[in-house]
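>>> Sequence plus predicted model, see below.
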Amino acid sequence: MAARQIRQLAIKGVRIFRTEGVAGLNRRVINRLDSAIRSSTMAASRFVGHEYGEWIRRYDTLTDCDRAEIKRHIERLPYQPLISLIMPTYNTPKKWLRFAIDSVRKQLYPNWELCIADDASSKAYVRDILEKYQANDRRIKLVFRKDTGHIAAASNSAIEMATGEFVALLDHDDQLSEHALYMVAVELNSDRDADLIYSDEDKINKRGRRYDPYFKPDWNPDLFLAQNYLCHLLVCRSRIVEELGGFRDGYEGSQDWDLAMRISERVPANHIRHIPHILYHWRAIPGSAARSPDEKKYVREAQRKTLESHFDHLGLKVTIVPATGNYWRIKYQLETHPLVTLIIPTRNRFELLKRCVESIYRKTTYPNFELMIIDNRSDDATTLNYLAALGRERKAKVLRYDAPFNFSAINNFAVQHARGAIIGLVNNDLEVITPEWLDEMVSHAVQPENGAIGAMLYYPDDRIQHAGVILGIGVGAPGEAGHAYKTLPRGYAGQASRALLCQNLSAVTGACLVVRRKLFEEVGGLNESDLPVAYNDIDFCLRIRQKGYRNLWTPYAELYHHESASRGYEDTPEKKLRFEREREYMRRCWGELLLNDPAYNLNLALDKETFSLGIPPRGIKPWLVF
């Protein structure tokens, strides 16, 4: 840093010190550092710069050998459905229109038709370009609308020409990867029941540089309510699109989301398929939503209308609230407030316990809960006196568990004595931040399709401790499970703002977990024989998932967590041996799933907790293994 800059900073620092004191100076420094951290981590989450470019060069660029193998694989595919690409156009700039059409004509999979509906463009060159392309390729179909009807009407005009078993949506200025339709055909050969297929995507600027990939999870219904993460490439079974009447007028700007939402309402979840490959490049130019959602102001209202229509169809009462990043939060209305039993295991550590308990009593707005403290051999007089006072003055239920520490057994014991229809597992080192934390978690827990509900937990310095659990990740090497975005700053958005949005995850931490009591009992509670200390919450969530329920993590229930403060670490030979036995049990029971978390992506790393690029990715190139 130049001497002049240093002098200027020093002068500014003195001025702040004189007017705001030491506290003000510290606050300014912390805010400046936090802003810098957020900027750098946000850039990392978007994979900008040379890192993603190098990843593309190494792992997402087809060679001539790849193309030859793909063509040979296509010849062997027993099922080669016709795919109709739907493209509405309106005064599309020449360059981008040609790029879009050329990306279709370069498809390695040949059984396609391109249905283009021009929405009464006023620029004469549009018709000229389209007709020249049609003259060179009979697979291109055209219709020129007499009146401008906007994107939904134009898309429907294109659909009327389609004869394919599936329709794929392509914007007039975007590009397909050359193996996009081939990958769709491979997916359809592996699953003939697929009704809705989507892929990963990235953005492409006017210079042709690709950036900001979105490596998506498999079907994730609650994330889909927060954002249209399916987006591109979207492929739908034509029969269902026709039955639904195609795109709806009045939903322009959200017409794709509305169509996919209506399809998702009528098809089984296992008929919605995800291809974990970048097959679509979204053009980021002025006027495009790829550049910024604010480029099209009418989109927000159309999105709200899409969500309102969905919940009207389901007959559910919700409040739809705008969320960070131009996304959405769904607040389910509680018509009743079932009793919640909050179970807090503890051993001594009076300071931790008191802070936890008092924050619950002082801040929690949920009106109907009971506190159950399970004392695991406390021998500290202050703690024992506090527990006695809780039972006497606060009517908390205090039970003694006189056996060696076993987190699973302690909580199973507590559930047997609980009165609540909802069970909350709460560590004694938590501290409530958001007063509505329990309202939020219970509102999700009572939904019949949901299982375990997890919260957003922070370290005391406002770094993320838990934003959900991702299977298979570890620090420095793959593991059994890790916490998403761990140690990143509070407010960090993550990939496509996923760290700020409600979503389905395979597992959540038992440090703060809410679940219906009947479901807890249905899966047999926590595994106290094989997993007394570690991974019992992960195993519990996976058994819930195995039963067909959806686990869910919400960022709107926020608490501080002094992780493992009362239990300690694996710091003795006995503890290390026990931990290794628990790890081996998880690998034996859940090994395949641990390496293929449906809430994660095969292109993301297993040796980091920050959704980093996988080097190399774990995705399979089907043309190399057919």
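Good, I have the coordinates.
>>> would residue 345 count as being in a helix?
No - counting by DSSP: H, G, I helix; E, B strand; the rest coil, residue 345 falls outside a helix, being strand.
>>> so what pLDDT did it get?
Listed pLDDT for residue 345 reads 97.
>>> How about the contacts made by it?
374, 376, 401, 407, 410, 411, 414, 427, 428 (CB atoms under 8 Å, 6 or more residues apart in numbering). Yep, even glycine has a C-beta here, placed from its N, CA and C like the rest.
>>> ok, now which ones touch the fourth one?
Under the criterion of CB under 8 Å, 6+ apart, the contact partners of residue 407 comprise 345, 510, 526, 532, 533, 536, 567.
>>> Please repeat the previous calculation with a cut-off of 10 Å.
345, 376, 425, 427, 510, 526, 528, 531-534, 536-537, 567 (CB atoms under 10 Å, 6 or more residues apart in numbering).
>>> all helices for the stretch 101-250 of the chain, in order.
Secondary structure of the stretch 101-250 of the chain (DSSP state H, counting those that start in this stretch): helices at 124-136, 150-161, 180-190, 221-226, 238-243.
>>> right, and the ones you listed - which one's nearest residue 311?
helix 221-226 (8.9 Å; CB to CB).
>>> Would you mind checking the average pLDDT for the closest one?
98.
>>> Residue 283 pairs with what?
Beta-bridge partners for residue 283, by DSSP bridges, are residue 204.
>>> Just give the number of residues close to residue 320.
18 (other CB atoms under 10 Å).
>>> Secondary structure element holding it?
strand 318-323 (DSSP states H and E).
>>> next SSE after that strand?
Heading C-terminal from strand 318-323 (DSSP H and E), you reach strand 327-332.
>>> ok, back up a step: which members of the contacts of residue 407 are positioned in strands?
Counting by DSSP state E, the part of those found in strands is 345, 425.
>>> Can you pull out the low-pLDDT segments for this structure?
1-49, 287-296, 564-571, 626 (pLDDT under 70).
>>> So the residue sitting nearest the centre point of the chain: helix, strand or coil?
Nearest to the mean C-alpha position of the chain, by CA atoms, centre = their mean, lies residue 498 at 4.7 Å. For residue 498, the assignment made with three-state DSSP gives helix.
>>> Just give the nearest non-adjacent residue to it, would you?
residue 223 (7.1 Å; CB to CB, 6 or more residues apart in numbering).
>>> Quickly run through the sheet partners of the strand holding residue 320, with directions.
Applying DSSP bridges, one finds strand 318-323 paired with strand 327-332 (antiparallel).
>>> I figured the residue nearest to the centre of the chain hits residue 504, correct?
No - using CB atoms under 10 Å, residue 498 is not in contact with residue 504, being 11.3 Å away.
>>> Identify the contacts common to the two.
Counting by CB under 10 Å, 6+ apart, the residues touching both residue 498 and residue 504 are 217, 220, 223, 468, 553, 599.
>>> who wins for neighbours among those residues?
For these, neighbours were counted by other CB under 10 Å; the highest total belongs to residue 553, with 29 neighbours.
>>> what residues are up against it?
222-223, 444, 452-456, 466-469, 484, 498, 501-509, 599.
>>> tell me the contacts of the residue nearest to residue 488 when sequence neighbours are not counted?
Excluding the flanking residues, the one nearest residue 488 by CB to CB, 6+ apart is residue 464, at 5.1 Å. The contact partners of residue 464, by CB under 10 Å, 6+ apart, come to 456-458, 483-492, 494, 499, 555, 609.
>>> From those, keep the buried residues only.
Neighbour-count burial (16 or more other CB atoms under 10 Å) is assigned, among the contacts of residue 464, to 456-458, 483-486, 488-490, 492, 494, 499, 555, 609.
>>> between these, which is nearest residue 268?
After measuring those against residue 268 - CB to CB - the closest member comes out as residue 484, at 27.6 Å.
>>> I'd say the closest one and residue 501 touch.
No - between residue 484 and residue 501 there is no contact under CB under 10 Å: 11.9 Å.
>>> can you list the domains in the protein?
1-45, 58-314, 340-467+488-565 (automatic domain parsing).
>>> Of all the ones you listed, which one comes closest to residue 623?
The nearest among the domains of the chain, by CB to CB, is domain 58-314 at 4.3 Å.
>>> how far away is the residue nearest to residue 488 from residue 599?
Separation of residue 464 from residue 599 (CB to CB, to the nearest Å) stands at 17 Å.
>>> what do you get for residue 494?
Between residue 494 and residue 599 the computed distance is 13 Å (CB to CB).
>>> what do the two both touch?
Common neighbours of residue 494 and residue 599 (criterion: CB under 10 Å, 6+ apart): residue 484.
>>> Residue 591: which of the helices of the stretch 101-250 of the chain is closest?
Closest among the helices of the stretch 101-250 of the chain, using CB to CB: helix 180-190, at 21.8 Å.
>>> Which strands or helices does the closest one pack on?
helix 64-76, strand 83-89, helix 94-105, strand 112-118, strand 166-169, strand 196-204, strand 234-237, strand 272-283 (3 or more CB pairs under 10 Å, 6 or more residues apart in numbering; DSSP states H and E).
>>> gap between the first one and the chain center?
Using CA atoms, centre = their mean, to the nearest Å, the mean C-alpha position of helix 64-76 is found 34 Å from that of the whole chain.
>>> what's the span of stretch 187-199, first residue to last?
Stretch 187-199 stretches 11 Å from its first residue to its last (CA to CA, to the nearest Å).
>>> Please point out which parts of that stretch sit buried.
187, 188, 189, 194, 195, 196, 197, 198, 199.
>>> out of those, who's nearest residue 383?
For the buried residues of stretch 187-199, the nearest to residue 383 is residue 198 (53.1 Å; CB to CB).
>>> tell me the contacts of that closest one?
184, 216, 218-219, 228-236, 260, 272-275, 279-280.
>>> please redo it, this time with the cut-off set to 8 Å
216, 230, 231, 232, 233, 234, 235, 272, 273, 274, 275.
>>> ok, and the most crowded of those residues?
That'd be residue 233 among the contacts of residue 198, by other CB under 10 Å, with 28 neighbours.
>>> Ignoring the adjacent residues along the chain, who's closest to residue 178?
residue 106 (4.9 Å).
>>> repeat for residue 322
Nearest non-adjacent residue to residue 322 (CB to CB, 6+ apart): residue 328, at 6.5 Å.
>>> residue contacts, residue 560?
Taking CB under 8 Å, 6+ apart, we find residue 560 in contact with 430, 431, 433, 457, 458, 459, 460.
>>> If we use 7 Å, what do you get?
430, 431, 433, 458, 460 (CB atoms under 7 Å, 6 or more residues apart in numbering).
>>> Can you name the residues bridging to it?
Bridge pairing for residue 560 - DSSP bridges - gives residue 431, residue 458.
>>> how near is it to residue 550?
Taking CB to CB, one finds residue 560 at 27 Å from residue 550.
>>> Repeat that for residue 467.
Applying CB to CB to residue 467 and residue 550 gives a distance of 17 Å.
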